[in-house]
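Chemist: Mind folding the following:
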Amino acid sequence: MAAAASLFPVQAPSTSEEPRILLSSVPWAAYVVLRDAIESAGVRMTYLEGRLEIMSPSRDHEVSKKQIARLFELFCLERDIPLYGFGSMTFRKEEKQRGLEPDECYCRGAERTVTDVALEVVVTHGTIDKLDVYRGLGVREVWVYEAGAFRVLVLRGDGYETAAASETFPEVDLARIAHYAIDKDQPSALRAFRDELRGR
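Modeler: Okay, the predicted model is just below:
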């Protein structure tokens, strides 16, 4: 496996439909207070060693992440895989000076302090490398969904490497989930995927 290049390259803040603000020299305590004070699901914060990015996800972003979550959760239900989902909860570690909210996150078999898998839907690129944040938090896998396809990144030592498939959920065919995720008719896509899983 080749070492993964950054999939979240640092870029100047965009004026696109996913507005972002980047603040520098933000103390950890200020980040925690700000994160805890803003309870809106429409605000995401990524903190890395004093830099804080605040963004608001677009409609396309939220539609994709929700459809992927529904498809993946359906797969696990149909295959009797013990899945624990935690949505976009905040993960943070003061000693690592890192914190963020994944688009969705899951553990297999049991609830754990650190999620096994984090889903990141990329519509526009941010100003902070989220892989660096995930590495510091110790998340085992990051599934990056961009332009209708998945990339699976597995934590090995001090960095992430690309993998052909998930090691935590080897049964899942992410290409099939991507196929149904782009369908604009969400109920129809879910029914079709369910029927496929049941061999109809």
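Chemist: from here on, contacts and neighbour counts on C-alpha atoms
Modeler: Will do.
Chemist: give me the number of residues near residue 86?
Modeler: 16 (other C-alpha atoms under 10 Å).
Chemist: which residues touch the nearest residue to it once chain neighbours are set aside?
Modeler: Distance criterion C-alpha to C-alpha, 6 or more residues apart in numbering; nearest residue to residue 86, sequence neighbours excluded, is residue 105 at 5.5 Å. Going by C-alpha atoms under 8 Å, 6 or more residues apart in numbering, residue 105 touches 85-88, 115-119.
Chemist: worst-scoring helix or strand of the protein, pLDDT-wise?
Modeler: In the chain, the helix or strand scored least confidently by mean pLDDT, DSSP states H and E is strand 20-23, which has a mean of 94.
Chemist: for that strand, the distance to its chain's centre please.
Modeler: 19 Å (C-alpha atoms, centre = their mean, to the nearest Å).
Chemist: next one: stretch 165-176
Modeler: 15 Å.
Chemist: Which positions in it come out as buried?
Modeler: Residues of stretch 165-176 classed as buried: 165-166, 169, 172, 174 (neighbour count, 16 or more other C-alpha atoms under 10 Å).
Chemist: longest strand anywhere in this structure?
Modeler: Identified as the longest strand of the chain according to DSSP state E is strand 149-156.
Chemist: Now do that one: everything it contacts.
Modeler: 4, 135, 138-145, 160-167, 174-175, 178.
Chemist: which among those end up buried?
Modeler: 4, 135, 138-145, 160-163, 165-166, 174, 178.
Chemist: quick one: which of those residues sit in helices?
Modeler: 135, 174, 178 (DSSP state H).
Chemist: and the longest helix for the protein?
Modeler: The longest helix of the chain (DSSP H) is helix 59-78.
Chemist: Number of residues surrounding residue 65?
Modeler: Residue 65: 19 neighbours (other C-alpha under 10 Å).
Chemist: Tell me, how many residues neighbour residue 38?
Modeler: With other C-alpha under 10 Å as criterion, residue 38 counts 11.
Chemist: coming back round to it: so the residue nearest to residue 86 is in which element?
Modeler: strand 104-108 (DSSP states H and E).
Chemist: now residue 191
Modeler: helix 186-197.
Chemist: List of residues touching that helix?
Modeler: Counting by C-alpha under 8 Å, 6+ apart, 67, 70-71, 74-75, 78, 180-181, 183 sit against helix 186-197.
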